[in-house]
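> build the 3D model from these lines:
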Amino acid sequence: MNTIIKVIDRLFTKLEINNLGSSHKYRAACLIIEDALRKGSIIPGVTTVIEKTGGNFGFGLIAACHPYGIPVELVVGLGFSQAKRDLLECVGAQLIGKHLLLSGVSPKDVVSVHLENQVQLGKTYYYTDQFNNPIGIDAHRYQTASELACQLIDAGVGNKLLFVGCAGTGASFTGITLGLKEYGYDVSTVLVEPFGRDSKEGLFTDHRLEGMAVGVSPPFLDWSLVDRRSQVEHTEMLTAQGWFHQLTGIYIGYTAAACVSVAQRLITLPEYADTTCITIAYDAGFWYQN
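Residues are numbered from 1 along each chain as shown. Modelled structure (predicted):
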């Protein structure tokens with residue numbers, strides 16, 4: 001079970017970086033692979049898993065597939081961390097479609113090309129399709145939120161929670177919020193986005209906070225669960241990342257630090273004086289370049 005830590009009074013962070021694959025994405029990846037194996041959609045020794053990812057879901061898939069000897073092929077957009085791409089290959093994935101990406105083809109279309117030509121390529125693919133696979137919500141609703149609820153009980157916090165999170169697919173935000181509510185917590189939420197971006201309105205431009213506002217409206221984000229939205233500058237995120245490391249010795253990733261930055265602001269407001277704030281350490285910060 002991944003621990004929570006008390007950062008300061010009324011601010012707790014759940015260390016999802018302790019998962020296999022070093023991020024919260026392992027939960028969804030593992031559940032999707034287990035479901036496909038159970039249904040016969042993946043046959044070890046025959047099937048190759050294919051996915052487009054910014055990195056973390058890819059690491060989760062490698063960890064989930066390795067025990068079964070299932071090869072993993074990934075399409076990683078060129079805008080994502082080079083360190084992540086290099087490490088994905090180092091730990092066992094094959095990164096495909098590089099020449100297509102360099103020519104301007106989107107990661108989604110690269111996957112489509114490979115699926116359409118799998119016979120010619122000598123492959124039998126299973127596309128985990130994290131942006132259209134609702135199993136990801138279940139992973140966080142019944143695993144992450146359940147663990148977190150029990151940990152909060154052990155920590156002796158009150159019933160009022162402020163969950164500060166972000167959204168790529170939206171599965172973790174929706175799943176965690178629903179799960180905590182089902183445990184009886186009075187949960188308010190804040191969705192964090194990069195400065196100047198608006199996932200709800202489809203306003204996307206390039207930014208460096210990998211893992212949130214990824215160019216499409218989060219398909220699994222239940223907007224009725226979003227009580228408040230807040231934006232973060234890159235420099236604010238870096239400041240929060242350093243602050244968190246100084247207090248805890250843990251070097252969290254960009255999305256986690258962006259949420260901590262917002263939590264720092266909000267926890268001082270009178271309206272949250274009797275509320276415990278929760279953030280998620282989605283991944284570590286070592287593979288990002290400031």
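> show the subsequent helix or strand relative to the longest strand belonging to the chain.
Of all the segments of type strand in the chain, defined by DSSP state E, the longest one is strand 186-194. Following strand 186-194 in sequence order, the next helix or strand is strand 228-232 (DSSP states H and E).
> show me what that next one is packed up against.
The elements that strand 228-232 packs onto, with contact taken as 3 or more CB pairs under 8 Å, 6 or more residues apart in numbering; DSSP states H and E, are strand 186-194, helix 254-266. Every residue, glycine included, has its C-beta placed from N, CA and C.
> please identify the buried residues of that strand?
Buried residues in strand 228-232, counted by 16 or more other CB atoms under 10 Å: S230, Q231, V232.
> out of the helices and strands packed on strand 228-232, which is closest to E34?
Evaluated over the helices and strands packed on strand 228-232, closeness to E34 peaks at helix 254-266, with 25.5 Å, by CB to CB.
> okay, now Q130: neighbour count?
When neighbours are defined as other CB atoms under 10 Å, Q130 has 24 of them.
> where does the stretch 1-150 of the chain dip in pLDDT?
Scanning the stretch 1-150 of the chain for pLDDT under 70 picks out the ranges 1.
> ok so, going back, who wins for proximity to K6 among the helices and strands packed on strand 228-232?
Closest approach to K6 among the helices and strands packed on strand 228-232 is made by helix 254-266 (12.7 Å; CB to CB).
> could you point out the helix or strand that follows that closest one?
Counting by DSSP H and E, the element after helix 254-266 in chain order, helix or strand, is strand 276-280.
> that following strand pairs with which strands, parallel or anti?
Its sheet considered, strand 276-280 pairs with strand 11-14 (parallel), strand 160-165 (parallel) by DSSP bridges.
> could you dump those to JSON lines with mean neighbour count and distance to V49?
What follows is the strands paired with strand 276-280, written out as JSON lines (neighbours: other CB atoms under 10 Å; distance: least, CB to CB, whole Å):
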{"stretch": "strand 11-14", "mean neighbour count": "22", "distance to V49": "27"}
{"stretch": "strand 160-165", "mean neighbour count": "24", "distance to V49": "27"}
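> which residues does the spatially closest residue to L37 that is not a sequence neighbour contact?
Nearest residue to L37 in three dimensions, chain neighbours excluded: Y68, at 6.9 Å (CB to CB, 6 or more residues apart in numbering). Listed by CB atoms under 8 Å, 6 or more residues apart in numbering, the contact set of Y68 reads I33, L37, I42, P44.
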